[in-house]
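> quick one: sequence plus predicted model below, questions after.
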Amino acid sequence: MPYTYNRAHLLADALTALRAQQVPDGVNWEILVVDNNSDDHTKQVVASFAESAAVPVRYVFEPQQGVSHARNRGIGEARGQLIAFTEDDALPTSDWLAAILTAFAKWNADCVGGASSFAGRRRRRGGLFAIAFFSCALV
């Protein structure tokens with residue numbers, strides 16, 4: 001679940017990285033974008049992306065600014081059993097969701113986390129990590 005505030009210019013790349021996820025067969029998931037009171041073209045970026053996405057993409061608007069409001073809205077809107085959080089400035093590696101699923105299965109975990117590295121001004125999410133913004137809910 002990505003969360004964003006006035007960074008539509010970064011959101012498109014984050015969504016593209018989510019489109020590249022290599023998830024195991026039989027896993028149903030969605031991308032839930034929580035717009036945290038943006039006044040830029042975030043909604044249009046999500047709508048354009050959703051037209052060609054292979055998984056369901058939903059957009060919700062959270063008028064109360066702040067990451068906690070955005071995350072809580074996303075949790076309330078998510079349809080899946082697991083929620084993976086990321087941010088508009090993050091570029092999850094293609095195995096990000098698969099690694100999260102593996103960790104939950106392997107360790108019967110309630111929560112998983114992992115490392116984040118920076119490539120220029122963009123964060124790279126690899127292996128296991130879940131923080132803020134997008135809700136890729138596994139349904």
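Everything's here; your move.

> could you list every helix and strand in contact with the longest strand along the chain?
In the chain, taking DSSP state E as the definition, the longest strand is strand 29-35. Counting contacts by 3 or more Cβ pairs under 8 Å, 6 or more residues apart in numbering; DSSP states H and E, strand 29-35 is packed against strand 2-4, helix 8-19, helix 42-52, strand 57-61, helix 67-77, strand 134-138. Every residue, glycine included, has its C-beta placed from N, CA and C.

> what do you get if the cut-off is 7 Å, keeping everything else the same?
strand 2-4, helix 42-52, strand 57-61, helix 67-77, strand 134-138 (3 or more Cβ pairs under 7 Å, 6 or more residues apart in numbering; DSSP states H and E).

> most tightly packed of these?
strand 2-4 (a mean of 28; mean count of other Cβ atoms under 10 Å).

> note down every partner strand of that one and its orientation.
strand 29-35 (parallel), strand 86-87 (parallel) (DSSP bridges).

> give me the mean pLDDT for the shortest one.
In other words, strand 86-87. In this model, strand 86-87 has a mean pLDDT of 88.

> for it, the distance to its chain's centre please.
In this view, strand 86-87 has its centroid 5 Å away from the chain centroid, taken as Cα atoms, centre = their mean, to the nearest Å.

> what about the nearest residue to residue 58 once chain neighbours are set aside, distance to residue 62?
Of all residues not flanking residue 58 in the chain, residue 32 sits nearest, at 4.9 Å (Cβ to Cβ, 6 or more residues apart in numbering). As judged by Cβ to Cβ, to the nearest Å, residue 32 and residue 62 stand 11 Å apart.

> more crowded one of these two?
Neighbours per residue, other Cβ atoms under 10 Å: of residue 32 and residue 62, the larger number sits with residue 32, 27 against 21.

> list the buried ones in the longest strand of the chain?
29, 30, 31, 32, 33, 34, 35 (16 or more other Cβ atoms under 10 Å).

> can I get the helices and strands packed on strand 29-35 in a markdown table including distance to residue 89 and mean pLDDT?
Below are those laid out as a markdown table (distance: least, Cβ to Cβ, whole Å; pLDDT from 0 to 100):
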| stretch | distance to residue 89 | mean pLDDT |
| --- | --- | --- |
| strand 2-4 | 9 | 80 |
| helix 42-52 | 13 | 97 |
| strand 57-61 | 18 | 96 |
| helix 67-77 | 13 | 93 |
| strand 134-138 | 11 | 44 |
